[in-house]
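K.L.:
Sharing a sequence plus its predicted fold:
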Amino acid sequence: MSKNTLSIVSKVWSFCNPLRDVGVGYGDYLEQLTYLLFLKMADEYSKPPHNRKLNIPKKFNWESLTVKKGAELDLHYATLLRELSTQKGILGQIFTKSQNKIQDPAMLAKIIDMIDSEQWLVLGVDVKGDIYESLLEKNAQDVKSGAGQYFTPRPLIKAMVECVQPQPKKTIADPACGTGGFFLAAYDYLVSNNKLDKAQNKFIKLKTFFGNEIVAGTRRMALMNLFLHNIGDIDSDNFISPADSLIAASPVTYDYVLANPPFGKKSSQTFTNDEGEQEKEDLTYNRQDFWATTSNKQLNFVQHIRTMLKTTGLAAVVVPDNVLFEGGAGETVRKKLLETTDLHTILRLPTGIFYAQGVKANVIFFDNKPASKDPWTKEVWVYDYRTNIHHTLKKNPLNMEVLKDFIACFNPTNRHKRKETFNAKKKPEGRWRKFTYKKIIARDKTSLDITWLKDKSLADLDNLPDPDVIAEDIIENLEFGLESFREIVKTLNLK
């Protein structure tokens, strides 16, 4: 980031601590910033040299906020949020279910003054984007907010995009898009790697990206994040749906799906019982286009993503370990995926890279194919970036540099000319290895949870990781175990 960007980030973030002291969390502050930034930029668009006519009522525009103070400002701001939530397009989606969480009018006025002091449209797209992305990451780091579950490490997203290599005039979807990280990485790749003409730029801005996000606050942040990166327009149609993407088949198929579906093994829905108490129940999606009926959320997302793809479509999806080894519906889904698509690559991820604790995950890459009598998958290449790898969010976070070897092995320009780095005799420590379809289909439950490297910490007590790394690993394993026990208890309570 430039010094100017860092300065603005610091100024914007400086309000967090005093707000937290009066009960306004990071996520609430970020939501208020989203409302105010959107209105300020809309105000700038309405003035020279843009002179655009926007569907924001004059009595609820940016200037209406800057001229009020005290209780009058507090009342007007609450009314403004309620009224703008009824508007159409992105405007209405940004303000959906909006509420004023800053109860101190003096503090609200200071934030308005801070935003008013900058000309946001003059700032480069990269600057505005970096500012908002940094705020999203700070919010994800806040354990209490729970926002970490919607934030995928940006280096991992970038690596996935570099492997898929999206092309101009193609569509990109994410059925659980969180704050829009995959869209932004794909946008950066398209802009950086192509000399785009006017028609291609317009397609990227308005017709490339499509997503779903059922959490209103997260969807709001995604729309703002994309808008600040010049994706979508202030008065364009909404391209991130609030609908549950798993409910029904997508009416449109896409060229690429890039996704990290939400963690948590079970799909559930909240309802009010006869006593008026909130309860959750497992949600099973009965879809004719699914291979298996299950309440396992990740297996449902894998099935759904396959149906979202054109017959030439490509997917890169983050999935937890259970998707690779679970029996029953899991085995059915894996077999069908191997048969109907070319599931060519698995990246085993290390622990300690996600803000949500207890996550053991992988990235699966598969290309959709037309109907065929023979299985499309001939061999699966596995890159083990988990065994003997230790990352922590603060001291040793995941970065692009460590993923370069995987990208080189993946060989995006021609993945049919790959070379193993594993050799049983010469290079047993090699992390890149292929397995034939015959070998995989013969494995118990068609398990794709494949590892061959030896854990050095088990063999060499003198070569143990640092104590903080061991502690992080213990926490990860305990969290993973607790989540598994919770699922067992839920299942027992339902019987």
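P.N.:
Now that the structure is in, tell me what you want to look at.
K.L.:
any idea which helix or strand of the chain has the worst average confidence?
P.N.:
Lowest mean confidence among the helices and strands of the chain (mean pLDDT, DSSP states H and E): strand 268-272, at a mean of 44.
K.L.:
The stretch 1-150 of the chain: helices as residue ranges?
P.N.:
Taking DSSP state H, counting those that start in this stretch as the test, the helices found in the stretch 1-150 of the chain are 3-13, 16-21, 26-45, 62-66, 70-84, 89-94, 105-116, 125-141.
K.L.:
Mind putting those helices into a markdown table with mean neighbour count?
P.N.:
Placement of C-beta: from N, CA and C, glycine included. Shown next, in a markdown table, are these (neighbours: other CB atoms under 10 Å):
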| stretch | mean neighbour count |
| --- | --- |
| helix 3-13 | 15 |
| helix 16-21 | 14 |
| helix 26-45 | 21 |
| helix 62-66 | 18 |
| helix 70-84 | 16 |
| helix 89-94 | 20 |
| helix 105-116 | 17 |
| helix 125-141 | 20 |
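K.L.:
could the ones you listed go into JSON lines alongside distance to K378 and mean pLDDT?
P.N.:
Converted to JSON lines, those look like this (distance: least, CB to CB, whole Å; pLDDT from 0 to 100):
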{"stretch": "helix 3-13", "distance to K378": "47", "mean pLDDT": "76"}
{"stretch": "helix 16-21", "distance to K378": "52", "mean pLDDT": "78"}
{"stretch": "helix 26-45", "distance to K378": "46", "mean pLDDT": "89"}
{"stretch": "helix 62-66", "distance to K378": "58", "mean pLDDT": "95"}
{"stretch": "helix 70-84", "distance to K378": "54", "mean pLDDT": "95"}
{"stretch": "helix 89-94", "distance to K378": "44", "mean pLDDT": "84"}
{"stretch": "helix 105-116", "distance to K378": "55", "mean pLDDT": "92"}
{"stretch": "helix 125-141", "distance to K378": "39", "mean pLDDT": "77"}
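K.L.:
Now T311. Nearest residue, chain neighbours left out?
P.N.:
Of all residues beyond its chain neighbours, the one nearest T311 is P370 (4.7 Å), with distances taken as CB to CB, 6 or more residues apart in numbering.
K.L.:
Would you double-check that that neighbour falls in a strand?
P.N.:
No. With DSSP: H, G, I helix; E, B strand; the rest coil as the criterion, P370 is coil rather than part of a strand.
K.L.:
ok, it touching L309?
P.N.:
No. Judged on CB atoms under 8 Å, P370 makes no contact with L309 at a distance of 11.3 Å.
K.L.:
Which of these two has more residues huddled nearby?
P.N.:
The neighbour comparison of P370 against L309 (other CB atoms under 10 Å) goes to L309, with 22 against 8.
K.L.:
who's that one bridged to?
P.N.:
Y254 (DSSP bridges).
K.L.:
Might one say that it is in contact with L258?
P.N.:
No. Under the criterion of CB under 8 Å, L309 is not in contact with L258, lying 11.5 Å apart.
K.L.:
Now the common contact residues for the two.
P.N.:
Common contacts of L309 and L258 (CB atoms under 8 Å, 6 or more residues apart in numbering): A315.
K.L.:
Could you list the low-pLDDT ranges of the stretch 201-350 of the chain?
P.N.:
263-282 (pLDDT under 70).
K.L.:
in it, which spans are helices?
P.N.:
Using DSSP H, counting those that start in this stretch, the helices assigned to the stretch 201-350 of the chain run over residues 216-228, 297-308, 322-325, 329-340.
K.L.:
Give me the contact list for the shortest one.
P.N.:
Pointing back at helix 322-325 there. So helix 322-325 is contacted by 265, 296, 298-299, 302, 330, 333-334, 346, 362, 364, 445, 447-449 (CB under 8 Å, 6+ apart).
K.L.:
again, 10 Å this time
P.N.:
If you take CB atoms under 10 Å, 6 or more residues apart in numbering as the criterion, helix 322-325 is touched by 261, 265, 296, 298-299, 301-302, 317, 330-331, 333-334, 337, 346, 348, 360-362, 364, 443-450, 484, 487.
K.L.:
Give me the buried entries from those.
P.N.:
Buried members of these, scored by 16 or more other CB atoms under 10 Å, are 261, 265, 296, 298-299, 301-302, 317, 330-331, 333-334, 337, 346, 348, 360-362, 364, 446, 448-450, 487.
K.L.:
related to what we said a few turns ago, mind listing what the residue nearest to T311 touches?
P.N.:
Contact analysis of P370 by CB under 10 Å, 6+ apart lists T311, T312, T340, W376.
K.L.:
Count the neighbours of the last one for me.
P.N.:
Just to be clear, that refers to W376. Residues within reach of W376, counting by other CB under 10 Å, total 20.
K.L.:
how near is it to T340?
P.N.:
Distance, W376 to T340, by CB to CB, to the nearest Å: 7 Å.
K.L.:
joint contacts of the two?
P.N.:
Shared contacts of W376 and T340, defined by CB under 10 Å, 6+ apart, comprise F366, N368, K369, P370.
K.L.:
Just the buried subset of these, written out for PyMOL, thanks.
P.N.:
In PyMOL, this line selects whichever of these come out buried by 16+ other CB under 10 Å:
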select buried, resi 366+368+369
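K.L.:
Which single one of the shared contacts of W376 and T340 is nearest to D405?
P.N.:
Ranking the shared contacts of W376 and T340 by separation from D405, with CB to CB as the measure, puts F366 on top at 21.7 Å.
K.L.:
And the pLDDT at that closest one?
P.N.:
You'll see F366 listed with a pLDDT of 98.
K.L.:
Confirm for me that it is in contact with A316.
P.N.:
Yes. Here F366 reaches A316: they are 8.4 Å apart, a contact under CB atoms under 10 Å.
K.L.:
Quick check: neighbours shared by these two?
P.N.:
Residues touching both F366 and A316 (CB under 10 Å, 6+ apart) are V257, I305, T345.
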